[in-house]
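Chemist: Based on what follows, work out the 3D shape:
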Amino acid sequence: MTDTNVISGEQLKIQDAVYALQLDGKGGSIPVTDLTQATCEHPCWLHLDYAREETQRWLTSSVLLPDSVRECLAGESMRPRVTRLGDGTMITLRSINFNNDSRPDQLVVIRLYMTGKLVVSTRHRKVYAIDEVLTDLQNGTGPVSSGDLLVQVADALTDHASEFIEDLHDKIIDLEDNLLDQQVPERGQLALIRKQLIVLRRYMAPQRDVFARLASERLPWMTDDDRRRMQDISDRLGRGLDDLDGSIARTAILADEISNLMADAMNRRTYTMSLLAMLFLPTTFLTGLFGVNLGGIPGNTSPVAFATFCFLLVLLCVFVVVWLKRSKWL
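Modeler: Take a look at the predicted model:
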């Protein structure tokens, strides 16, 4: 990487960048031009889609990037992690996916290479947390330095994760309330919630560790206030992870309760069928006995024999019902 006091705008020129801007140090930004000079007081931010052709050429050829981060920025790094490389730091983070036709748990990867003068971030799918930071810059309330930029990105990512965790928590409460009313959820609904919880737990735990490490590392481009705010973000995400653990345990209890509820329903149906079989077993025996086509059947010549036989069958059914009730089977 070049060891100069400034980075010229010509080195930052990428035609297909999602956006390229320079922080003005007051919460706003200005576009990167050929006359731009990136300094620690006014760092530049390049946000790129690594799948675009010109971006790929720049990532593989720019002297501003160490060789060890080129593959990471080009989409090779997946799990949240942080790697310090001299004055620069390579950071990989995950974001809740709010893109159309995608589930929130299909997390989006955001990769950042950061120094005091330059921030290069890459993604393929849209990251709404990044767009929120850009909106703040357009309104003049955005970051003023590289460290402040990282803190605001981490804060937005954690806000989205917390909102999603709270949404899953509300869904679990609804399922619990429905179970109290003996209502079984639709097939696959609980499995989807449990999967989302586990996926989120898998990636947010190392992301919390990344934030904690950034808060403890003495990175030259982060101030003490940046590190304090980053520690607060790490603690907030840690509380979200505690909620995730509790929610995962609650889904396990819900699964057991659903199994018990369905087993009870099946047992009640089986029990009812058994009682009906017991009720009609004597009558079935008698009707089968009197239905044989043999001589000597009692009452075969009497005009009231059939009515008498039906009346006796009804009495037999009543007797069986009374016996079942006294035996406390009904």
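Chemist: CA only for contacts and neighbour counts going forward, please
Modeler: Fine.
Chemist: Just give me the neighbour total for residue 162.
Modeler: 20 (other Cα atoms under 10 Å).
Chemist: Please apply the same query to residue 200.
Modeler: 23.
Chemist: do the same with residue 214
Modeler: For residue 214, using other Cα under 10 Å, the count is 25.
Chemist: I'd assumed it was in a helix, is it?
Modeler: Yes - according to DSSP: H, G, I helix; E, B strand; the rest coil, residue 214 belongs to a helix.
Chemist: Contact partners for it?
Modeler: For residue 214, the contact set (Cα atoms under 8 Å, 6 or more residues apart in numbering) comprises 82, 227, 230.
Chemist: cool, residue 124 as well?
Modeler: 49-51.
Chemist: Need the pLDDT of residue 62.
Modeler: Among the per-residue scores, residue 62 shows a pLDDT of 89.
Chemist: Name the nearest residue to it, sequence neighbours excluded.
Modeler: Nearest residue to residue 62 in three dimensions, chain neighbours excluded: residue 11, at 7.5 Å (Cα to Cα, 6 or more residues apart in numbering).
Chemist: what comes up buried for stretch 243-263?
Modeler: Across stretch 243-263, burial judged by 16 or more other Cα atoms under 10 Å covers 243-244, 247-248, 250-251, 254, 257-258, 261.
Chemist: The protein: strands as residue ranges?
Modeler: Using DSSP state E, the strands of the chain run over residues 7-8, 19-23, 29-31, 37-38, 44-49, 81-85, 88-95, 108-114, 118-123.
Chemist: Mind jotting down where the helices sit in this protein?
Modeler: Remark: helices assigned in the chain by DSSP state H are 53-61, 67-71, 128-138, 146-180, 189-216, 224-290, 305-326.
Chemist: before we move on, the earlier item: flag the least confident of the buried residues of stretch 243-263.
Modeler: residue 261 (82).
Chemist: For the closest residue to that residue other than its chain neighbours, give its distance to residue 260.
Modeler: The shortest distance from residue 261 to any non-neighbouring residue, by Cα to Cα, 6+ apart, is to residue 182 (7.4 Å). Distance of residue 182 to residue 260, given as Cα to Cα, to the nearest Å: 11 Å.
Chemist: With residue 280 instead?
Modeler: 30 Å.
Chemist: repeat for residue 43
Modeler: Residue 43 is 60 Å from residue 260, by Cα to Cα.
Chemist: got it, and residue 240?
Modeler: For residue 240 relative to residue 260 (Cα to Cα), the value is 30 Å.
Chemist: so where's the stretch 1-150 of the chain uncertain?
Modeler: 1-5 (pLDDT under 70).
Chemist: can you do 80?
Modeler: For the stretch 1-150 of the chain, the stretches with pLDDT under 80 are 1-5, 75-78, 86, 101.
Chemist: Next: the stretch 201-330 of the chain.
Modeler: Using pLDDT under 80, the stretch 201-330 of the chain drops low at 279, 286, 288-302, 305-306, 309, 324, 327-330.
Chemist: do that again at 90, thanks
Modeler: Applying pLDDT under 90 to the stretch 201-330 of the chain flags the ranges 217-218, 220, 254-330.
Chemist: Please name the residues that touch residue 107.
Modeler: Here residue 107 is in contact with 94-97 (criterion: Cα under 8 Å, 6+ apart).
Chemist: no no, residue 92
Modeler: By Cα under 8 Å, 6+ apart, the contact list for residue 92 reads 77-82, 109-112.
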